[in-house]
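Asks: pasting the sequence and the predicted coordinates here, then a few questions.
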Amino acid sequence: MSKKSVLRASLDPDGQTPAPAAARRRAEHRFFIGYMIAMALVILIGFAPSFFLRGLVTTPNPLRPMRADALVHGLIATPLVLLFPIQALLVSLGRQRLHIALGKAGFILALTMVPLLYVVGSFSYRTTPPPMASLAPVMASLVLFALPAMAALLW
């Protein structure tokens, strides 16, 4: 099928207005790009005082020294968070090969996060004073992160 016939197939019979499926696909792409950008911004802004801008901005409570495991966790998690909107944009632009290549690299980063989540959570549990010390949320986040990663690996 030629590019012209594909273009015509995506237009209504008048040849000018996009067919509903094409319009819906563009709306979905815009939604997912916006959603991923919003999610990345929330994460980046949320961790700005304690990680990204640590020492540059004042915080309501004094911060404890950054542990090496938490630093490695942040250095691996940051590219993953930035990869979310990039991946959505690549799909929207039709750059599937680049999307797949970046997805494979992101998947390797995600796999390294599973043991890191356990290490960071375990150390945080030992160093956080009660009443915040509860291992249940840490283990729940580990499972909620690891299950989709394992499902993707098996798929």
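Replies: Looks like it arrived, so ask away. Numbering: from 1, shown residues only.
Asks: please count neighbours and contacts with C-alpha atoms only from this point.
Replies: OK.
Asks: tell me the helix or strand right after the least confident helix or strand in the chain by mean pLDDT.
Replies: Least confident helix or strand of the chain, by mean pLDDT, DSSP states H and E, is helix 3-9 with a mean of 47. Going down the chain from helix 3-9, the next helix or strand is helix 20-47, by DSSP states H and E.
Asks: which strands and helices sit next to that next one?
Replies: Other elements packing on helix 20-47 under the criterion 3 or more Cα pairs under 8 Å, 6 or more residues apart in numbering; DSSP states H and E are helix 68-92.
Asks: the helix it packs on packs against which elements?
Replies: Helix 68-92 sits against helix 20-47, helix 96-127, with contacts defined as 3+ Cα pairs under 8 Å, 6+ apart.
Asks: what is the rounded mean pLDDT of the first one?
Replies: Computed over helix 20-47, the mean pLDDT rounds to 87.
Asks: circling back to that earlier point, I'd like the helices and strands packed on helix 68-92 as TSV, with mean neighbour count and distance to residue 87 appended.
Replies: Output for the helices and strands packed on helix 68-92, formatted as TSV (neighbours: other Cα atoms under 10 Å; distance: least, Cα to Cα, whole Å):
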stretch	mean neighbour count	distance to residue 87
helix 20-47	15	8
helix 96-127	16	6
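Asks: what's the closest of these to residue 58?
Replies: helix 20-47 (13.0 Å; Cα to Cα).
Asks: relative to helix 68-92, how tilted is the closest one?
Replies: Put simply, helix 20-47 runs at 160 degrees to helix 68-92, going by axes from the mean of the first three to the mean of the last three Cα atoms, to 10 degrees.
Asks: picking that back up, adding distance to residue 154, write the helices and strands packed on helix 68-92 out as JSON lines.
Replies: Below are these laid out as JSON lines (distance: least, Cα to Cα, whole Å):
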{"stretch": "helix 20-47", "distance to residue 154": "24"}
{"stretch": "helix 96-127", "distance to residue 154": "12"}
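Asks: ok, which of those helices comes nearest residue 85?
Replies: In terms of Cα to Cα, the element of those nearest to residue 85 is helix 20-47, at 4.7 Å.
Asks: what's the distance between the closest one and the middle of its chain?
Replies: On the basis of Cα atoms, centre = their mean, to the nearest Å, helix 20-47 sits 11 Å off its chain's mean C-alpha point.
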